[in-house]
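Asks: quick check, what structure comes out for this input:
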Amino acid sequence: MLGEPRQLLKAMFDAAIGAASPRLRIPAFLPPPPKGRTVVIGAGKASAAMAKAVEDLWPGPLEGLVVTRYGHAVPCERIEIVEASHPVPDENGHRAARRIMEMVQGLSPDDLVLALISGGGSSLLSLPALGLTLKDKQAVNAALLRSGASIGEMNIVRKHLSAIKGGRLAAAAHPAKLLTLVISDVPGDDPAVIASGPTVPDSSTFAEARAVMEKYGITEPRSAIDHLIRAADETPKSGAPRLANSSTAIIATPQLSLEAAADLARNNGVTPLILGDALEGEAREVGRVMAGIARQAALRGQPAVPPVVLLSGGETTVTVKGKGRGGRNVEFLLSLAVELDGQPRVFALAGDTDGVDGAEEIAGAIITPDTLARAVDRGINAKQRLADNDGHSFFEALGDQIITGPTLTNVNDFRAILII
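Replies: Below is the predicted model:
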C-alpha cells in the first residue's frame, strides 16, 4: 500500500481531480474549424482552463469570452477571461453574461459557437429576466443556498428568473452551429442541470419553480415571486426550432474520476468499491449511513480481507441551522467521525474536486481513528460543532483540512473511506 493511509487518500483525491483535467479531456471532442467565425463562450469553475486547452489546440482564428470564479482564471491570448463571484452572483458575472449574449447574436449558419460549461456556471452567468435586477437574483440565490434545496431544485428556479439559462443562450446563437462541451458536476450528468443548462433544452416549468420556492418557504423578493407567477416567457423545450443546430458532449464526469481513484487503489493493494457517483441528501445523514457501512466492513473484514476503500461522489446538502460556515464535505466527515466514535482501522477523506467546499477556499478534510480523541484533547466538542454546522472550524483546529487551491476543474464531491 502507498505509504500511510493519509497519503493514499490524498493520492486518490489527486487522481480523481487529474482525471477531469480539461487539458486531458478536451482534445478528443474538438470539432473541425467552420467556414466562418469561431466564437468561444463559457461559464464555470473550469471554463478558463477549458478555454486555454481549446486555444492551444485550435488550428484557426477564434475569439470569445468565458467567465470563471475569482481565483480560477488561466491566461489566454485570444479568449477573454472574466472572473466573477460564486456561489452568489455579482456585477462582474452580470456584465459578462450580457456580453456573451451579445457575442452570439447575428451569427450565420457558417459560424461555430463553442460553449465551455462546467459547474458553478449558474451563478457566474447571471443575467436577470426582464423586470428583475441582479439584487433580486442575489437574494434568491442566497436564500436557496441556506434552505437545503438540492442543486436540481435551485437550478429550476434560476432558469426561470434568467434571460440566459435554460436554453436561452442557445436560442440566441441560432442559426450558428453550437457545440457545448461540458464537465459534469451533478448527479446523473444531465446537461440541463449543469450550470442551469444555458445551451440545452429545458423541461422544467414556471410552476415547478414556484413549487420549489413554496417548499422552502422563500417569499422574498416579491419581484421574483411575481415574475414566477406571471410565467410570461417559458424556457425553450426539446424540439424548439432555434435549438436545432445545437449539440452537446459531456467530456468529464464524476464516475470517470471515481474510476481513476479506484485504479490507483488497486495498484496499491486496496480493493475499491464504488458505491455511486450521484449520492444526495443531507450531508450528516449520508455520514451516518456511510459510518454504518464502514463499521460493518471493519468488523467483518478481520483478519483475512485485504484493505478496502469505499468510494462515492455526488452532491449532498447542508441545511445551515447553527452559527457555523456549513460546507457539505466537512459536515459529512464530522458526522462520519461522530458515528464511528473512534472505530479502529477506518480513515476517510471528503473534498470538492474544485477545491472549494461550500463558500470556503477549503476542499475538504481527513478523519482518522483518533480524530475525536484529538478533539477532546483540545477541548473541542465534536457533537456540538456538528449541531452548529461548524465542520470547517473543527478540522481547522485539528490541522486536518485539505487545501488544494483552485483545481480548475469540477466533477463534484469525492468521498473515500479506507478500511485497513
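
Asks: and the strands in the stretch 51-200 of the chain?
Replies: With DSSP state E, counting those that start in this stretch as the criterion, the stretch 51-200 of the chain has strands at 63-69, 79-84, 112-118, 177-183.

Asks: between those, which gets nearest to E4?
Replies: For those, proximity to E4 was assessed by Cβ to Cβ; strand 177-183 is nearest, at 31.8 Å. (Glycine included, C-beta is placed from N, CA and C.)

Asks: what pairs with that closest one, parallel or antiparallel?
Replies: Based on DSSP bridges, the pairing partners of strand 177-183 within the sheet are strand 112-118 (parallel), strand 246-252 (parallel).

Asks: how about those, which one is nearest Q384?
Replies: Nearest of the strands paired with strand 177-183 to Q384, taken as Cβ to Cβ: strand 112-118 at 36.6 Å.

Asks: and the angle for that closest one with strand 63-69?
Replies: 10 degrees (axes from the mean of the first three to the mean of the last three Cα atoms, to 10 degrees).

Asks: circling back: buried deepest among the strands of the stretch 51-200 of the chain, which one?
Replies: Of all those, strand 112-118 has the most neighbours on average by mean count of other Cβ atoms under 10 Å, namely a mean of 29.

Asks: pLDDT of that one, averaged?
Replies: Strand 112-118 shows a mean pLDDT of 98.

Asks: only alpha carbons, please: show it as PDB.
Replies: What follows is strand 112-118, C-alpha atoms only, in PDB (Å, rounded to 0.1, in the frame of the first residue of the first chain):
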ATOM      1  CA  LEU A 112     -19.500  28.000 -34.900                       C
ATOM      2  CA  VAL A 113     -20.200  28.800 -31.200                       C
ATOM      3  CA  LEU A 114     -18.100  26.600 -28.900                       C
ATOM      4  CA  ALA A 115     -19.600  26.700 -25.400                       C
ATOM      5  CA  LEU A 116     -17.500  25.600 -22.500                       C
ATOM      6  CA  ILE A 117     -19.700  24.800 -19.500                       C
ATOM      7  CA  SER A 118     -18.800  23.500 -16.000                       C
END
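
Asks: gap between it and the chain center?
Replies: Computed by Cα atoms, centre = their mean, to the nearest Å, the chain-centroid distance of strand 112-118 equals 17 Å.

Asks: now swap in stretch 210-224 and tell me
Replies: Computed by Cα atoms, centre = their mean, the chain-centroid distance of stretch 210-224 equals 24 Å.

Asks: and the longest helix along the chain, which residues are buried?
Replies: Criterion DSSP state H: the longest helix present in the chain is helix 283-301. Of all the residues in helix 283-301, those buried under the rule 16 or more other Cβ atoms under 10 Å are 283-284, 286-287, 290-291, 294-295, 297-298, 301.

Asks: which residues of this structure score low on pLDDT?
Replies: The model of the chain has pLDDT under 70 over residues 1-3, 301-305.

Asks: ok, and what's touching the longest strand along the chain?
Replies: For the chain, the longest strand by residue count, based on DSSP state E, is strand 271-279. Residues outside strand 271-279 that contact it (Cβ atoms under 8 Å, 6 or more residues apart in numbering) are 187-188, 253-255, 258-259, 261-262, 265-266, 286, 293, 305-314, 316, 415.
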